[in-house]
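**Q** Pasting a predicted model and its sequence here:
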Amino acid sequence: MQRVIITGVDRSARSRAAADWAAREALSRELPLRVVHVSPPDGPEPAEQWPYRPETVADRVVAELTDRHPALRAQGLHLCGAPVAALHTVTGDAELLVLGLRGEGSHPRVPVGSTAMALARSCERPVVLVPGSLPGERFPGHAEAVTLGIDARNPASRAVGVAFEAARLRGTPLHVVHAWTLPLQAAQRPFPVLEEDRATWEDDEVQRLSDALRPWRGKYPEVDVLEDVVLLAPDVALAHAAESSGLVVVGRRSGRTALALLRHAMCPVAVVPV
């Protein structure tokens, strides 16, 4: 089965920004891009078909992308049905599924659209959700930097692999963030934690992270890894790290952490299933 990157598009500028990110990712991986548009079975009213008819949306986006990226191999696909179910049917051979954070019908105050949220929670392939509304838009920090959120006690191997591969392709260091909390017995003490106790616990967490990454360092010796162990809530730690990243990778089983990060994302976020 041929590997491919899939991007779901609608008529919004946000989805075209996501499609442009997907096109650049496809070029870096030397993979074809499949541009998919899903329209409801009954279709929109004629007045709602502007700027182009549903059956031509994907082809128009392909034309825009290949004009901007001449070396891109891209194909358009139009489907009818419920967006989440339809996209599930075409992602079996996807290296990545790339979507905008919100679709054309999303309320401006909703940070993550229902389709993006549902696929991030259920798709069997890694889902990259891209903020922004301009194709080729640069994100805060270093646009090619990669950050991985990891639980060193129970690392999600698929997410770790996606992050290392992304860093290798970009030729950039990988920033690995492991957040930890004080042991329960320390939190229940009526007096402050001694500094030597905190330092001992932190050393243990540093060692756990080093042990979790050792086989991946061996597999990707060309990737420089920055290990970061922080005494913060995971979502807070990753939000800080994302400020200087172009891509953040998290495992889906991180649950609340992944969803909290999506709501405040300033750069693309890859949610990787277990």
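**A** Yes, it's here.

**Q** Low-confidence bits of the stretch 1-150 of the chain, can you list those?
**A** 1, 42-54, 103-111, 133-144 (pLDDT under 70).

**Q** switch to 50 and redo it
**A** 46-47, 50, 142 (pLDDT under 50).

**Q** hey, where'd the helices end up in it?
**A** 13-29, 57-68, 83-89, 114-122 (DSSP state H, counting those that start in this stretch).

**Q** Residue 243: which of the ones you listed is closest?
**A** Nearest to residue 243 among the helices of the stretch 1-150 of the chain is helix 13-29; the distance by Cβ to Cβ comes to 18.4 Å. C-betas here are computed from N, CA, C, even on glycine.

**Q** List the buried residues of the closest one.
**A** Residues of helix 13-29 classed as buried by neighbour count (16 or more other Cβ atoms under 10 Å): 14-26, 29.

**Q** On the three-state scheme, residue 271 is what?
**A** Following DSSP: H, G, I helix; E, B strand; the rest coil, the label given to residue 271 is strand.

**Q** Tell me what it is bridged to.
**A** Counting by DSSP bridges, residue 271 forms beta bridges with residue 127, residue 250.

**Q** quick revisit: could the helices of the stretch 1-150 of the chain be laid out in CSV, adding distance to residue 101?
**A** Shown next, in CSV, are the helices of the stretch 1-150 of the chain (distance: least, Cβ to Cβ, whole Å):
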stretch, distance to residue 101
helix 13-29, 7
helix 57-68, 17
helix 83-89, 14
helix 114-122, 6
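
**Q** Compare those helices and give me the one nearest residue 35.
**A** helix 57-68 (4.7 Å).

**Q** helices or strands up against that closest one?
**A** strand 4-9, helix 13-29, strand 33-39, strand 74-80 (3 or more Cβ pairs under 8 Å, 6 or more residues apart in numbering; DSSP states H and E).

**Q** And those: which comes nearest residue 256?
**A** Nearest of these (Cβ to Cβ): helix 13-29, 23.9 Å.

**Q** burial of residue 230, as a residue count?
**A** 17 (other Cβ atoms under 10 Å).

**Q** isn't it right up against residue 176?
**A** No. Contact between residue 230 and residue 176 fails when scored by Cβ atoms under 8 Å: they sit 11.0 Å apart.

**Q** Figure out the helix or strand that residue 228 lives in.
**A** Assessed by DSSP states H and E, residue 228 sits inside strand 225-230.

**Q** ok now the very next helix or strand once past that strand, how far from the chain's centre?
**A** Where DSSP H and E defines the elements, the next helix or strand beyond strand 225-230 is helix 234-242. Relative to its parent chain, helix 234-242 has a centroid offset of 14 Å by Cα atoms, centre = their mean, to the nearest Å.
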